[in-house]
Each structure stands twice: as structure tokens, then as C-alpha cells.
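J.: Sequence plus predicted model, see below.
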Amino acid sequence: MSTNNADNASQKRFIQKCIEPDCQSTFGLDEPMYVCRRCGGLLDIECSSRSTIDPDTLKLWWHQRLSSQLPQDRSGVWRFRESIPFPDDTEVVTLKEGNTPLYTARHSANYCRLDALLLKHQGLNPTGSFKDTGMTVAVTQAKSLRSTMAVCASTGNTAASLAAYAGRADLPCAILVPADQVSHAKLAQALDYGARVLEIEGNFDACMQLVLELANEEPIYLVNSINPFRIEGQKTVAIELAEQLNWRVPDHLVVPGGNLGNSSAFGKGFRELLDWGLIDLYPRITVVQAEGAAPFARYFAQQRTGNVQFANEEEPETLASAIKIGAPVSWKKALRSVNESGGQVITVSEQEIADAKAIIGRDGIGCEPASATTVAGIRKLVASGFIRNDSSVVALLTGHVLKDTEYVIGYHNQSLRTERDEQITARFGNKPMRVASSRQSLKDALDRVRNESLQ
Ligand code: F0G
């Protein structure tokens with residue numbers, strides 16, 4: 001049974017609103033734009049009238065939909081459709097995204113010196129990353145606007161996700177990626193799903209800048225996270241997480257930071273849950289960046305000591321290619337999330353990312369390098385006392401372990417080197433064993449394995 005509610009549909013009155021305090025211009029949802037037409041500020045989608053549905057009814061509907069077979073109910077995004085700016089009868093473009101697991105993780109908790117740690121694995125979405133929760137909404141909006149082509153700039157995961165959803169929607173799409181800087185797995189996905197891939201001779205920031213400039217001139221629909229419809233989808237992960245924790249949010253939520261859409265979306269999600277009376281506390285949202293691609297962390301540290309301008313990182317460097325970003329478009333929204341929640345913005349080194357990734361793997365979970373910044377960051381925050389050993393902590397894993405196998409094999413084979421040609425030490429390395437093709441050699445090898453596991 002679907003729990004659509006006709007009254008609810010008519011109660012939805014959403015607008016786009018500029019986040020700049022001295023602008024706050026508002027626009028209709030059917031106006032295709034990505035930043036405020038008046039001042040260039042970022043846009044939020046806001047509900048212009050307060051919901052009259054009581055929190056317990058919402059919780060019940062959302063829960064009931066888990067046992068429905070309707071596509072819009074099977075999706076972990078559209079299941080929460082009362083929070084999303086579309087009429088309830090919208091024909092949604094979905095791959096049944098969301099509804100991802102929240103895992104306990106003993107090895108990762110020990111590594112961070114925490115009593116317990118939960119990992120929310122967004123890498124288990126249909127295309128293997130968190131992008132799907134936003135893309136289902138952005139591509140649904142592209143269809144509503146009758147767009148003829150969707151476009152994005154990407155370090156790989158947005159590319160794979162757009163390619164898949166555009167394929168579902170029969171919507172032509174073009175994807176800009178930095179040439180030779182995207183993992184093969186992600187590129188393979190985009191090609192397989194039929195997207196036109198444009199390899200730009202520049203880095204991600206150059207790709208982003210180009211599509212932003214062209215988006216206002218060309219008949220294209222931009223689906224990067226600067227598009228507020230992406231954020232509407234991604235914010236439902238906050239709702240799903242709160243539901244999984246029986247509507248008690250954790251003390252800390254730690255997320256990786258690249259273009260900063262995710263941290264922006266979590267802030268919005270928790271803010272709306274508070275407004276609705278579904279939760280009564282805001283978790284501290286902390287963003288972790290890779291040391292070589294950390295303009296937001298630098299700005300966050302400096303703005304505490306005075307009035308400083310946000311400065312891009314001209315030559316971002318990290319092996320966590322998903323977050324190799326020097327000019328994050330959503331930093332103002334992400335700053336709002338961190339400041340409102342009392343979180344932090346910190347950096348971790350390439351070595352710390354690689355080691356944390358191997359530890360997450362030992363929990364039988366695995367993730368891509370960018371995701372491992374979270375566990376590396378939590379270890380530092382526990383050591384510094386910002387997170388207490390007995391705090392409840394959730395780390396967001398953003399991508400699947402198979403997204404970047406070159407990195408994994410490189411680490412375990414002790415051949416992983418940074419872009420500055422520094423060796424990463426495989427502190428938790430796990431090199432394959434070469435064994436001669438004979439019974440005795442195999443018996444010896446198995447004995448060695450047995451002895452190792454007894455130690
Ligand atoms: N983790 C993964 C696996 C990502 O792919 C990204 C971003 C991030 C973290 C950072 O998230 O941008 O919301 O702060 N990937 C984008 C892409 C940029 O094009 O796939 P963010």
C-alpha cells in the first residue's frame with residue numbers, strides 16, 4: 001500500500017531562496033538556475049508554509065513505505081517525499097537508491113579509540129556512491145523542466161551517477177572529467193551507461209568553472225551539487241540516518257569534504273528535522289579534507305582569527321581523486337552546517353587516509369580513499385579530545401571499495417606513491433602470497449596463514 005496523501009501534496013509550497021543574508025531573493029521552482037539571478041549567491045529550496053503533518057504520522061508513513069513495492073516507495077529518497085519539492089504523483093527517475101546500511105565497525109572503532117563507531121555506507125547505492133541520492137531528484141527535475149541535455153563536471157562519481165540516471169530517463173547527457181585523473185572504474189561506469197564523456201585538459205576546478213559559465217548560455221541542465229535539487233535528495237540521508245537511530249541523532253557526524261555538497265545537505269536535513277520536531281538535537285557535523293586539497297579547512301581555521309577571504313587551492317593534490325578539488329562551490333552552505341552544529345573542519349595526510357582505508361576494509365566493509373578521510377579524521381579528533389571515547393559517532397562512507405582498485409592494490413603491494421612521489425607505507429598492508437603449484441607448497445602456505453591468524 002502506498003501512503004500517498006492528497007492533502008499533503010497541496011500543502012507543498014516550495015521556493016528557491018538566495019542564502020545571502022542581505023539578498024534573500026526568492027524564485028519559483030520552475031526557473032532553471034543554479035545561483036541567485038540577482039547577486040550570484042547559492043540557492044536553497046525552502047518550504048514557504050510550515051508542514052501541518054504531525055511528526056508521528058510522518059514517521060509512520062515513511063516506515064510503512066518500506067514494505068511497499070511501488071518504485072517511489074522502494075527508493076530511500078522518495079520514501080521521504082513529504083520533504084522533497086515535488087507533487088506526490090510525480091513520475092520519478094529512480095534506481096531505488098538510498099536505504100543504505102548503518103554498520104557497527106569494531107576494528108575502526110578500536111583504531112579511533114572509540115567505544116563504538118557506526119559507518120553509514122553510501123557506497124552501497126546503485127552506482128556505488130552517495131551521488132545517487134541527489135541525482136534521482138536532479139534528473140527528475142530535469143525531466144519536469146523538459147530539459148534536452150543534462151551536464152556535470154566530475155571527479156568520477158557524479159559522472160557515473162548522472163550517466164545511469166540519464167540512461168533511465170532517456171535524457172542525453174555530457175560529462176566533463178579532468179583527463180587522466182579519474183579512476184578507471186568510474187570512467188567505465190559512465191561509458192557503459194551511455195554518457196558522452198568529455199575529457200578536459202585541466203583539473204576538476206577548470207571543468208566546474210567551464211560548465212558554470214556555459215550553463216547560463218547553453219540549453220543544458222547542470223546537475224552538480226550547486227544545483228539545489230541535488231541537495232534536496234542528499235538531505236534525505238539525514239532523515240534515513242535519524243530513522244535508523246530511532247530518531248536520536250549521534251553526537252558527531254563526520255563527512256569527507258570535496259565540493260562540499262554533502263556537508264551542506266546534512267546541515268539542511270538536520271535543520272528541517274529539528275523544525276519538524278522529529279529530532280531535538282543537532283549532531284556536530286565535522287568535515288575532513290585531504291591535506292593537499294583543503295581550502296575549506298584552511299579558511300575555517302583562519303576565519304576564527306579574523307575577517308579573511310576564502311582562497312581557492314590552485315593546485316590541489318591528493319590520491320583520493322574524488323576530493324581533489326581546490327575551488328569548492330558550496331563552501332558557504334557547508335560553513336553554515338559546521339557552524340550551526342558546532343562541528344570542525346580538519347585535514348588528514350595521505351598516509352592517514354591510506355591506513356584508515358585499510359582498517360575500514362578489515363571490518364569487512366571497504367570504501368574508496370575519499371571516504372576513509374572520515375575514520376582518519378575521527379582518530380585525530382578523539383586524540384585531540386574534541387570527540388570523547390564514549391561519544392556516539394557516525395562516519396559517512398561515500399564510495400564503494402571497487403571504485404578505485406588501483407589505489408587498493410598499490411597500497412597492499414607497497415607501491416603507492418603520492419603525487420609528490422612520496423612513498424605511502426603499507427602499515428596495514430596485505431600482500432598476496434606467491435605459491436608454487438604443488439600440494440606441499442600449498443600446505444606450507446596454509447600453515448603460514450593459520451599461524452599468522454593465531455598471533
Ligand atoms: N567522497 C566521494 C567518494 C566523492 O565522490 C566526493 C565527491 C566526495 C566524497 C566529496 O563530496 O563534493 O559533496 O564534498 N565527488 C564529486 C564527483 C566531486 O564529481 O564525483 P562533496
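T.: Arrived safely, thanks for sending. Residues are numbered from 1 along each chain as shown.
J.: what ranges do the helices span in the stretch 251-400 of the chain?
T.: With DSSP state H, counting those that start in this stretch, the ranges of helices along the stretch 251-400 of the chain come out as 261-276, 295-303, 331-341, 350-362, 369-383.
J.: want to try a markdown table for those helices, with distance to the ligand as columns?
T.: The way it works is simple: take the backbone N, C-alpha and C, and place the C-beta from them, glycine included. Shown next, in a markdown table, are those (distance: least, Cβ to the nearest ligand atom, whole Å):
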| stretch | distance to the ligand |
| --- | --- |
| helix 261-276 | 3 |
| helix 295-303 | 9 |
| helix 331-341 | 7 |
| helix 350-362 | 11 |
| helix 369-383 | 4 |
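J.: Compare those helices and give me the one nearest S48.
T.: Of all the helices of the stretch 251-400 of the chain, helix 261-276 sits nearest to S48, with 13.2 Å by Cβ to Cβ.
J.: for the closest one, the distance to its chain's centre please.
T.: Distance, stretch centre to chain centre, for helix 261-276: 13 Å (Cα atoms, centre = their mean, to the nearest Å).
J.: what packs against it?
T.: helix 228-234, helix 236-244, strand 252-256, strand 284-290, helix 331-341 (3 or more Cβ pairs under 8 Å, 6 or more residues apart in numbering; DSSP states H and E).
J.: Can you list the neighbours in contact with stretch 376-387?
T.: Stretch 376-387 is contacted from outside by 111-114, 117, 251-252, 254, 286, 288, 344, 346, 348-349, 352-353, 355-356, 388-389, 393, 395, using Cβ atoms under 8 Å, 6 or more residues apart in numbering.
J.: residues from the stretch 51-200 of the chain in reach of the ligand?
T.: S129, K131, S154, T155, G156, N157, T158 (Cβ under 6 Å from any ligand atom).
J.: In contact with the residue nearest to V223 when sequence neighbours are not counted, which residues?
T.: If the residues on either side of it in the chain are set aside, V223 comes closest to A138, at 4.2 Å by Cβ to Cβ, 6 or more residues apart in numbering. By Cβ under 8 Å, 6+ apart, the contact list for A138 reads A150, Y165, V223, N227, F229, R230, G233.
J.: ditto for G123
T.: Taking Cβ under 8 Å, 6+ apart as the test, what G123 contacts is S129, F130, G366, C367, E368, S371, L397, T398, G399, H400, V401, K403.
J.: what are the bridge partners for the first one, then?
T.: Okay, so that is S129. G399 (DSSP bridges).
J.: quick one: the strands in the stretch 101-250 of the chain?
T.: 102-104, 118-121, 150-153, 173-178, 196-200, 221-222 (DSSP state E, counting those that start in this stretch).
J.: Single out the most deeply packed of these.
T.: Most buried of the strands of the stretch 101-250 of the chain, by mean neighbour count (mean count of other Cβ atoms under 10 Å): strand 150-153, with a mean of 27.
J.: who does that strand touch, helix- and strand-wise?
T.: helix 131-144, helix 157-169, strand 173-178, helix 204-215, strand 221-222.
J.: Flag every buried residue along the first one.
T.: It refers to helix 131-144. 131-144 (16 or more other Cβ atoms under 10 Å).
J.: Among the contacts of stretch 376-387, name the buried ones.
T.: Buried among the contacts of stretch 376-387 by 16+ other Cβ under 10 Å: 111-112, 114, 117, 252, 254, 286, 288, 344, 346, 348-349, 352-353, 355-356, 393, 395.
J.: contacts for stretch 37-52?
T.: Counting by Cβ under 8 Å, 6+ apart, 11-20, 23, 25, 27, 29, 31, 33-36, 82, 85, 226, 228-229, 231-232, 268, 275-276, 329-330, 332-333 sit against stretch 37-52.
J.: First-to-last residue distance for that stretch?
T.: With Cα to Cα, to the nearest Å as the measure, the first residue of stretch 37-52 is 31 Å from its last.
J.: Ok, stretch 305-325 next?
T.: With Cα to Cα applied, stretch 305-325 spans 25 Å between its terminal residues.
J.: next one: stretch 42-56
T.: 33 Å.
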